[in-house]
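S.K.: Need a 3D model of the following:
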Amino acid sequence: MINQELLVGTMVELADSLVDDFDVDELLNLLVGRSVEILDVTAAGLMLASPGGELRVVASSTEAMRVLELFEIQSEDGPCMDCFRSGKAVVSTDLNGDPRWPRFSPRAVAADFHSADAVPLRLRGTVIGALNLFRAELGGLATADVTAAQALADIATIAILQNRVAQEAKLLTEQLDHALNSRILIEQAKGILAERGQLDMAEAFSNLRSYARSHNLTLLVVAADVVRGRITEL
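M.R.: Okay, here's the model as predicted:
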């Protein structure tokens, strides 16, 4: 039976965690651990698609779950793979008698998992992974458990996408800062050369660029050396 109190508490805790500089790995590991406590499952795990579209195991509640998920990815056979490909929930009430995954099912049963549910991590039609729920018992999850599982998967999706956006924004900011700082340095070097050689700014820049090309250096390196007085004749 679903633990409603823990579910609500987990939702609040996860929502509070979605702040600047949160640790996405810690959050996802918390999520799979709580999935086992909240839902009627033996083990839980999260698979996430890389930028190249390959699935990777990013969190598992047990080592046996992690090993089985790795096998599923390597063999490209199993409920989690089907869930990711289709973007729809996949259920197996009896893995031993399920003909859909001839390689995965025997390995799962050998690991003492006899039923499985997988729900997609998706947003507006884009599937980025799957939340995988394995049970030692036969039978599918109750409707309330499936609803809760999808809610947890949705939180994982938001966390992952928010983290990606934050990382991309950070990279963009760093690139802009670098470009601005580079421009300032180059302008400073141009000013020094113009004053030193009684040149206009266009001529100073031309000399700067010619020196960089003839010495196989970047414009920024040459500009920095001019500003720091390492290059006095140009």
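S.K.: Give me the pLDDT for the most far-flung residue of the chain relative to its centre.
M.R.: Residue farthest from the centre of the chain, counting by C-alpha atoms, centre = their mean, is Gln198 at 54.0 Å. Here, the pLDDT recorded for Gln198 equals 86.
S.K.: how close does it get to Ala204?
M.R.: As judged by C-beta to C-beta, to the nearest Å, Gln198 and Ala204 stand 10 Å apart. For glycine as for every other residue, the C-beta is placed from the backbone atoms N, C-alpha and C.
S.K.: Equivalent analysis for Glu13, please.
M.R.: The gap separating Glu13 from Ala204 is 59 Å, by C-beta to C-beta.
S.K.: now Ala142
M.R.: As defined by C-beta to C-beta, Ala142 lies at a distance of 75 Å from Ala204.
S.K.: Out of those two, name the residue with the larger neighbour count.
M.R.: It is Ala204, of Ala142 and Ala204, that has more neighbours when counted by other C-beta atoms under 10 Å, with 22 against 13.
S.K.: So the more buried one sits against Gln188, correct?
M.R.: No. Using C-beta atoms under 8 Å, Ala204 makes no contact with Gln188, being 10.9 Å away.
S.K.: Which stretches in the protein count as helices?
M.R.: For the chain, helices defined by DSSP state H occupy the ranges 4-17, 24-38, 63-75, 79-86, 104-110, 143-197, 201-214, 219-227.
S.K.: Tell me the bridge partners for the residue nearest to Ala149 when sequence neighbours are not counted.
M.R.: Counting by C-beta to C-beta, 6 or more residues apart in numbering, Ala149 lies nearest to Val119, which is 5.0 Å off, once chain neighbours are set aside. Beta-bridge partners recorded for Val119 (DSSP bridges): Leu131.
S.K.: Right, I'll call it a day here.
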